[in-house]
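1. below are the sequence and a predicted model; questions follow.
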Amino acid sequence: AQSVTQPDIHITVSEGASLELRCNYSYGATPYLFWYVQSPGQGLQLLLKYFSGDTLVQGIKGFEAEFKRSQSSFNLRKPSVHWSDAAEYFCAVGSNYQLFWGAGTKLIIKP
Amino acid sequence: IAGITQAPTSQILAAGRRMTLRCTQDMRHNAMYWYRQDLGLGLRLIHYSNTAGTTGKGEVPDGYSVSRANTDDFPLTLASAVPSQTSVYFCASSEASGRTDTQYFGPGTRLTVL
């Protein structure tokens, strides 16, 4: 069965520090993987997606993610976070007509 | 371009009452979706529609119904609300219904059932 695990419920980093948010998936075929961001009180916005090809994917707002098939992971990274990055981040895997979602990781930025 | 609009923004509802959450998109997307978001559970798909005139059940469809009379509108109805339906509801759309398509989300409706 398809599933997505985001092991960290929340993460706190200092402004300017690097960030890595973890995502592990379970899927029987080639995964189609997404990262979305949800700012407080807002809907979700696509950051980046992976379908095939280069396993390092660039997204909006300076984010990137790396697909590692051997580890069933699709971790999100940013070299230097800004206070405006404080939000909740969701990883999802696409299957047929729907996406299966992780529970989310809340990112807290320390000034 | 507004994208996806949802109404109401929030609602407090007595248990047993009927409620329809509205969703309208102006992107002429074929596929539309309703999710509920609960703390610690992420988003769960309630119902979806691949194209106007068709609907399907998602992961948690019980207690909810949908219709898709045209491309733009995809209302979600709670026939008799129960407290466990207290949640934030998001409508989304995508150009097609394949698993590679980017979904675009509305701002959400916060529903409280007492």
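-> Ah, there it is. Numbering: from 1, shown residues only, chains lettered A, B, ... in the order given.
2. what's the nearest residue to residue A:82 if we skip its chain neighbours?
-> residue A:15 (6.5 Å; Cβ to Cβ, 6 or more residues apart in numbering or on different chains). C-beta coordinates here come from the backbone N, C-alpha and C atoms, glycine included.
3. backbone phi and psi for the one you found, please?
-> phi -60, psi 130 (degrees, to the nearest 10).
4. next one, pLDDT for it please.
-> Per-residue pLDDT puts residue A:15 at 96.
5. residues touching it, list them.
-> Contacts here follow Cβ atoms under 8 Å, 6 or more residues apart in numbering or on different chains; on that basis residue A:15 touches A:81-83, A:109-111.
6. with residue B:74 instead?
-> B:23-25, B:32, B:34, B:49, B:66-68, B:91, B:93.
7. out of these, which is nearest to chain A?
-> residue B:91 (8.7 Å; Cβ to the nearest Cβ).
8. tell me the secondary structure for that closest one?
-> Under DSSP: H, G, I helix; E, B strand; the rest coil, the three-state class of residue B:91 is strand.
9. what's the closest non-adjacent residue to it?
-> Among residues not flanking residue B:91 along the chain, residue B:23 sits closest, at 3.5 Å (Cβ to Cβ, 6+ apart).
10. tell me, what residue is most central in the chain?
-> In the absence of a named chain, this looks at chain A. residue A:35 (3.9 Å; Cα atoms, centre = their mean).
11. let me rephrase: I mean chain B.
-> Mean-position check on chain B, Cα atoms, centre = their mean. Result residue B:34 at 2.7 Å.
12. just confirm that one contacts residue B:23, I think it does.
-> Yes: here residue B:34 reaches residue B:23: they are 7.3 Å apart, a contact under Cβ atoms under 8 Å.
13. residues from chain A in reach of chain B?
-> Selection of chain A residues close to chain B by Cβ under 8 Å from any Cβ of the partner chain yields A:4, A:9, A:32, A:34, A:41-46, A:49, A:51, A:90, A:92, A:94-99, A:101-104.
14. inside helices: which ones of these?
-> Counted as lying in helices by DSSP state H, out of the residues of chain A next to chain B, is not a single one.
15. which neighbours do residue B:34 and residue B:23 share?
-> With Cβ under 8 Å, 6+ apart as the test, residue B:34 and residue B:23 both reach B:74, B:76, B:91.
16. touching, residue B:85 and residue B:78? I think so.
-> Yes: applying Cβ under 8 Å, one finds residue B:85 in contact with residue B:78, separated by 5.9 Å.
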